[in-house]
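[1] Give me a model of this one.
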Amino acid sequence: MSMIVQISDLHVSDPDSPSDRIVRQADRLARAVAWINRLRPQPDLVLASGDLVDQCRRSEYERLKAELADLRAPIRLMVGNHDDRDHLRAVFDDHDYLPDGPFVHYTVDHLDVRVIALDSQIPGEIGGELCARRLAWLEARLAEETAKPTIVALHHPPFPGGIEKMDAHSLIRGGPALESLLARAGQVVRVVAGHVHRPFTAMFGGRLAMTCPSTSHQIAFDIERQDGVAIMDEPAQALLHLYRPASGLVTHLLPIGDHPVLVDVKLD
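    Numbering: from 1, shown residues only. Predicted coordinates:
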């Protein structure tokens, strides 16, 4: 059995910045860390699928590292449009899975389910892309292991969710090529993303694809608005990907925080 908790869009900001005063992202991340630490069994891996910080500052990554220090489970960090690759590598220099080079992508191979983490960032832009070089890297990684169940993760969703301004800034280049590649990769059992601060699911390349909500704040569900989005103080949530050989991969959408038991029912 393997259990992976996916969190996303942490947006940790500097103390007393306007964003920090309004949203308190670091406090919300601290609650998420405490919640993960209480999970039983403990996850084999925590996957943070991008937008780790808010304004790409090195000081924000230093605060992020301090907030994650109490996390008991191992964590793997991905980049989103709010991230700076060089600052991430410099501050998290003890994370030896973070590669040198132009892109921050890697594989996780030691679990019962494999994870391929893609870098979909376009520096300075909100939307993302998978260029020919990144798609070739993914194709090579998929060819390495064709039998092991695999999760493909990227920050920008390659499929629309219906919120116009978020869809316009999701994966804006490379989506059709990714879809074609996944359609040929029978070992891929899930495609996961972040970025949109809401959970939704779709079929993409013949695979179940889904987005992970934020540990910080959510985007309002509004499929009629065309001039922007609203930031909501909805409950933080995470995805829990549970793999058992007998039943395959099951994904749970879980609220983050303490929720009291109303009735404890014992069943035969």
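[2] Give me the distance between the most centrally placed residue in the chain and Ser180.
    For the chain, the residue nearest the mean C-alpha position is Ser49 (2.3 Å; Cα atoms, centre = their mean). For Ser49, the distance to Ser180 (Cβ to Cβ, to the nearest Å) stands at 23 Å. All C-beta spots, glycine's among them, are computed from the backbone N, C-alpha and C.
[3] go on, Asp93?
    As judged by Cβ to Cβ, Asp93 and Ser180 stand 37 Å apart.
[4] again, but for Leu111
    In terms of Cβ to Cβ, Leu111 sits 27 Å off from Ser180.
[5] Neighbour count for the two, which is higher?
    Remark: of Leu111 and Ser180, Leu111 carries more neighbours, 17 against 11, as counted by other Cβ atoms under 10 Å.
[6] mind listing what that one touches?
    Ser2, Ile4, Asp44, Leu45, Tyr243 (Cβ atoms under 8 Å, 6 or more residues apart in numbering).
[7] Repeat the analysis, applying 6 Å as the threshold.
    Ser2, Asp44 (Cβ atoms under 6 Å, 6 or more residues apart in numbering).
[8] now Gly50
    So Gly50 contacts Met78, Val79, Gly80, His155, Gly194 (Cβ under 6 Å, 6+ apart).
[9] and the residues you listed, which are buried?
    Neighbour counting over the contacts of Gly50 (16 or more other Cβ atoms under 10 Å) leaves Met78, Val79, Gly80, His155, Gly194 as the buried ones.
[10] so where do the strands sit in the stretch 1-150 of the chain?
    For the stretch 1-150 of the chain, applying DSSP state E, counting those that start in this stretch gives strands covering 2-7, 45-48, 75-77, 106-108, 114-117, 128-129, 150-153.
[11] quick one: contacts of the first one?
    By Cβ under 6 Å, 6+ apart, the list of residues contacting strand 2-7 from outside reads 36, 43-49, 111-113, 212, 215, 238-243.
[12] Just the buried ones from those residues?
    The buried subset of the contacts of strand 2-7 - by 16+ other Cβ under 10 Å - is 36, 43-49, 111, 113, 212, 215, 238-243.
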